[in-house]
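Student: My questions concern the predicted model and sequence given below.
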Amino acid sequence: MSAGPAGTGAPLEIEGLTTGYGDVAVVREVTMAFPTGRMSAIIGSNGAGKSTVIKAAAGLLPVWSGRVRVGGADVTREAAHLRLGRGMAYVPQGRIVIPEMSVRDNLELGAHILGGDRARIDRAIERLVALFPILGQRLRQQAGTMSGGEQQMLAIARALITDPTTIILDEPSLGLSPKLVDVVFEKLTEISAAGLTVVMVEQKASRALAVAHRGYVMHGGRVAYAGEAAALLANENVKRLFLGEVPEELERAAETAA
């Protein structure tokens, strides 16, 4: 399956991306495009390069070769904080909140690019409390005293406070109970349905493809398969990959992927 051409006008496009750590290439010639108002899942085994791709897209890793476009603009060499102003938001792995601060203070910390406009910040918090009602009950509570699922909702809400067009999430279900995984995926579905472009890296591959519109399967630092999520979910080779088996067809796809 084709990974999809760059230059599509999608809110986030990655073209021929190669990057890694130190002098070791982890991702090689990866091309992906994430359409408006669609949820895309990037899946694959540990070490496949999933998180590396989105870190480079968010500006947290240098791009060795290739390009990253946000809203059609080439941001390949642009600093991560400048991409916020272009409508990109990033939720790192591990529910990173400031535990000693209140829920409201954590949200306001994410609103720093709003320039201290109190009325605008208050409206943004009202919008997020409507999306995550539990946070409205916890605004004065220290973030560190909340459950893992509540902290994940706070991390997502903090990323959304600037009203981005694209949100990237690294393992949003990590460490959560099955019930809370359901809640997080339901919220991401709501966000996508409202017109936001959602990109998530997930180890819970079957669950991710079940809620996503589009999927990318990575193997060996390359895109091995790409297409509609439902088709990937039904693909026998992808099913075997979920079980930790790497069929010969997948190995060849990874070696020859553009």
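Tutor: Yep, it's here.

Student: Tell me if Arg207 really is in a helix.
Tutor: Yes: remark: Arg207 belongs to a helix, assigned using DSSP: H, G, I helix; E, B strand; the rest coil.

Student: how near is it to Glu150?
Tutor: Distance, Arg207 to Glu150, using CB to CB, to the nearest Å: 20 Å. (Each C-beta comes from the backbone N, C-alpha and C, glycine too.)

Student: Of these two, which one has the most company?
Tutor: Glu150 (22 against 17; other CB atoms under 10 Å).

Student: So for the helix or strand Glu29 falls within, mean pLDDT?
Tutor: Assigned by DSSP states H and E, Glu29 belongs to strand 24-34. Mean pLDDT, computed over strand 24-34, is 96.

Student: Equivalent analysis for stretch 220-233, please.
Tutor: On average, stretch 220-233 scores 93.

Student: Isn't Glu78 up against Gly59?
Tutor: Yes: taking contacts as CB atoms under 8 Å, Glu78 lies within contact range of Gly59: 6.4 Å.

Student: now the strands for the stretch 151-258 of the chain?
Tutor: Here the stretch 151-258 of the chain has its strands, by DSSP state E, counting those that start in this stretch, at 166-170, 197-201, 214-219, 222-228.

Student: Which positions in the first one come out as buried?
Tutor: Think strand 166-170. Of the residues in strand 166-170, Thr166, Ile167, Ile168, Leu169, Asp170 count as buried by neighbour count, 16 or more other CB atoms under 10 Å.

Student: likewise the last one?
Tutor: By neighbour count on 16+ other CB under 10 Å, the buried set for strand 222-228 is Arg222, Val223, Ala224, Tyr225, Ala226, Gly227.

Student: quick one: strands adjacent to it?
Tutor: Using DSSP bridges, strand 222-228 pairs in its sheet with strand 214-219 (antiparallel).

Student: Would you mind writing the CA trace of the strand it pairs with as CSV?
Tutor: Only the C-alpha atoms of strand 214-219 are listed here, as CSV (Å, rounded to 0.1, in the frame of the first residue of the first chain):
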residue,chain,number,x,y,z
ARG,A,214,-6.1,5.7,8.6
GLY,A,215,-3.1,3.7,9.7
TYR,A,216,0.6,3.2,9.2
VAL,A,217,2.4,0.1,10.1
MET,A,218,6.2,0.6,10.7
HIS,A,219,8.8,-2.0,10.7
